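> what follows is a predicted protein model with its sequence.
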Amino acid sequence: VWATTMEGDVPATRVTMTPAAEGGILWARDSEEIVYYSWRTGTPKLFVYDFATETERQLTSGEGRDQPGEFSPDGEFLAYGRMENEERELRVIDWESGTDRRIATDVEGDLTWSPDSRWIAYLAETDEFSNVMIIPAAGGEPRQVSFVANSNASSLDWSAKGDYLVYRTSQRTEDSRLVKVDLVPLPPTFDEDAFRKLFNEPETDEESDEEERPSSSADRGAAETPDSVAIEFDGIRRRGAFVNTNFSVGSVLLSPDGETGILTGDGAMHRITFGPNGDVEIDRMEGNGRPMAFNKDGKQLYVSQGGGLRVVTIPGGQSKTVSTSVEFVEDFDGTKVAAFEQGWGEMRDGFYNIDYHGADWTAVRDRFRPQIEGARTRAEFNRLMNLMLGELNASHLGHSGRTGPPQGGDNASTGKLGLRFDRIAYENDGRFIVTEVVALGPGDISDEVSVGDQLMSVGGVALDGSSDLNILLKDTPGEKVMVGVRT
């Protein structure tokens, strides 16, 4: 975790010092603390860092996997998700007292607070589909508010005025669509009213300006927080509907103004405006990226693009890039062990067969960890990780670690000889004795190497027990490499 100023051109400050994976960062409402998950204990748990005191503390404990969710708008509570024993929970922490309680189960994904901090909406499994439930933040019976027969859902968000929810929904092979759920009935509209307006007396320019100015895009600002969000559950099934777009929706983020939001899709960002009578306008924006958040008044949008951060002015679209830099020295020995523990832990918690296809998964960890500790290169680490996953005897499993920035790798590729060697001969006296010549591999095509031969050198470098073929064959794919062989 790193922190920097929005002014830019200032080196970032490193906040956490562990090699474990960390992320899901949330700012507390006082802007003095952040919450994030860390794998440092072997299971994702929540931690808090206080910038004022420069101290860190562990927030959650236990066996479950924890994921940050969202602070309540008043800053008094933190909602988060936990998975334990195949069950996904929605939990709430009182930020002052630290009281941690479970309020819902069967949670499937995102959550969002009502603007008055009294309700939480979350994605849940409903009859094998993913839909939206609403539950009182104080606890109680959850109520279903969307009824779409789709299996995937994400990007759940609650309008700043409290009157509607939006989320993204899809099936595996179909375009993703936007759903809007009105929490109270919209006022009816009649064609006759629109017709009569044609014959109303025209307003003066001064009156027109006074009425139009508050609703103009530039002057909207943040919506006033409602004292109490009204939800009319009766008939709510009929108040959820698809919002028509001409593209597959990637994500949705609502503005603090309560009337607009940002959609992604079709290789761009789009500004969507929700009218008071259910009408919708969608305008394509210049530029692309992943919308992360609005500022408090909704007039600036923070966008992640290509590893950088841009600040986009709303509605004009002008943008600036926030520049920063970091100084980072990779600890390969620490990182490889942390990555191994995380990979093993992902399969411990997420493998679909609870018996691991007969493998003793704890024993597998104990057997492979010493080998991981001895790995000297990324290639060796990747190979060991794949061997570990192979113990599960399942398809669609594999490991491929990054070799380029920003992880500190050299972005190198490794050539292959197409030879297998006697492990005992290598471990006992450092000899590379050929036990197999892989068909159609480089050694086979050369027609100069046979089973039983000893590889003596690679690229002019003599081999012994300390030799690493991955290093000697670095950046050699497609090139001819001279090897010495004793027959």
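Cool, the structure landed.

> which SS class is Leu389?
Three-state call for Leu389 (DSSP: H, G, I helix; E, B strand; the rest coil): helix.

> contacting residues around it?
Counting by CB atoms under 8 Å, 6 or more residues apart in numbering, Leu389 makes contact with Gly343, Met347, Leu397, Gly398, His399. Glycine gets a C-beta too; all of them are placed from N, C-alpha and C.

> shouldn't the last one be in contact with Met385?
Read that as His399. Yes. The pair His399 and Met385 qualifies as a contact (CB atoms under 8 Å) at a distance of 3.8 Å.

> who has more neighbours, these two?
Neighbour tally, His399 and Met385, criterion other CB atoms under 10 Å: the higher count belongs to Met385, 22 against 16.

> where do the strands sit along the stretch 51-200 of the chain?
With strands called from DSSP state E, counting those that start in this stretch, the stretch 51-200 of the chain shows them at 55-58, 65-71, 77-84, 87-94, 100-105, 107-113, 119-126, 129-136, 143-144, 152-158, 164-170, 177-182.

> same for the fourth one, what does it pack against?
For strand 87-94, the packing partners by 3 or more CB pairs under 8 Å, 6 or more residues apart in numbering; DSSP states H and E come out as strand 77-84, strand 100-105, strand 107-113, strand 119-126.

> swap in 6 Å and give it another go.
The elements that strand 87-94 packs onto, with contact taken as 3 or more CB pairs under 6 Å, 6 or more residues apart in numbering; DSSP states H and E, are strand 77-84, strand 100-105.

> for the chain, what's the longest helix?
helix 332-350 (DSSP state H).

> so what touches that helix?
With CB atoms under 6 Å, 6 or more residues apart in numbering as the test, helix 332-350 has contacts from Pro19, Ala20, Ala21, Trp39, Gly42, Arg65, Trp361, Arg365, Ile372, Ala375, Phe381, Met385.

> ok now that helix, how far from the chain's centre?
Computed by CA atoms, centre = their mean, to the nearest Å, the separation of helix 332-350 from the middle of its chain amounts to 18 Å.

> and for stretch 323-334?
For stretch 323-334, the distance to the chain centre is 21 Å (CA atoms, centre = their mean).

> for the record, mean pLDDT for that stretch?
When the per-residue pLDDT values of stretch 323-334 are averaged, the result is 87.

> what do you get for stretch 435-442?
Computed over stretch 435-442, the mean pLDDT rounds to 95.

> could you pull out the buried residues of it?
Val437, Gly441, Pro442 (16 or more other CB atoms under 10 Å).

> can you count the residues close to the closest residue to the last one other than its chain neighbours?
The reference is to Pro442. Setting aside the residues directly before and after it, Pro442 is nearest to Gly418 in space (CB to CB, 6 or more residues apart in numbering), at 4.8 Å. A count of neighbours around Gly418, defined by other CB under 10 Å, yields 17.

> show me what contacts Gly418?
So Gly418 contacts Val438, Gly441, Pro442, Gly443, Asp444 (CB under 6 Å, 6+ apart).

> try Arg431
Residues counted as contacts of Arg431 (CB under 6 Å, 6+ apart) are Ala425, Gln454.

> what pLDDT does it get?
Residue-level pLDDT assigned to Arg431 equals 96.

> that older thread, could you dump the strands of the stretch 51-200 of the chain into CSV with mean neighbour count added?
CSV is the format used below for the strands of the stretch 51-200 of the chain (neighbours: other CB atoms under 10 Å):
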stretch, mean neighbour count
strand 55-58, 12
strand 65-71, 20
strand 77-84, 20
strand 87-94, 18
strand 100-105, 16
strand 107-113, 21
strand 119-126, 22
strand 129-136, 22
strand 143-144, 15
strand 152-158, 21
strand 164-170, 23
strand 177-182, 21
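
> go through the helices and strands packed on strand 87-94 and name the closest to Gly316.
Evaluated over these, closeness to Gly316 peaks at strand 77-84, with 34.1 Å, by CB to CB.

> so for Asn382, what's the nearest residue that isn't a sequence neighbour?
Nearest residue to Asn382, sequence neighbours excluded (CB to CB, 6+ apart): Gly401, at 5.2 Å.

> pretty sure that neighbour sits against Arg383.
No. Here Gly401 does not reach Arg383: they are 10.5 Å apart, not a contact under CB atoms under 6 Å.

> to Asp163, which of the helices and strands packed on strand 87-94 lies closest?
For the helices and strands packed on strand 87-94, the distance to Asp163 is smallest for strand 77-84, at 20.9 Å, taking CB to CB.

> how distant is that closest one from the center of its chain?
For strand 77-84 - counting by CA atoms, centre = their mean - the centre lies 16 Å from the chain centre.

> okay, the angle between it and strand 100-105?
Between the axis of strand 77-84 and that of strand 100-105 there is an angle of 70 degrees, by axes from the mean of the first three to the mean of the last three CA atoms, to 10 degrees.

> now the strands for the stretch 251-400 of the chain?
Assignment of strands within the stretch 251-400 of the chain using DSSP E, counting those that start in this stretch yields the ranges 251-254, 260-265, 268-274, 280-284, 290-294, 300-305, 308-313, 319-322, 324-325.

> of all those strands, which lies closest to Arg239?
Proximity of the strands of the stretch 251-400 of the chain to Arg239 was assessed by CB to CB; the nearest stretch is strand 268-274, lying at 13.4 Å.

> so where's the chain shaky on pLDDT?
Applying pLDDT under 70 to the predicted model, the residue ranges of the chain that meet it are 190-194, 201-219, 402-411.
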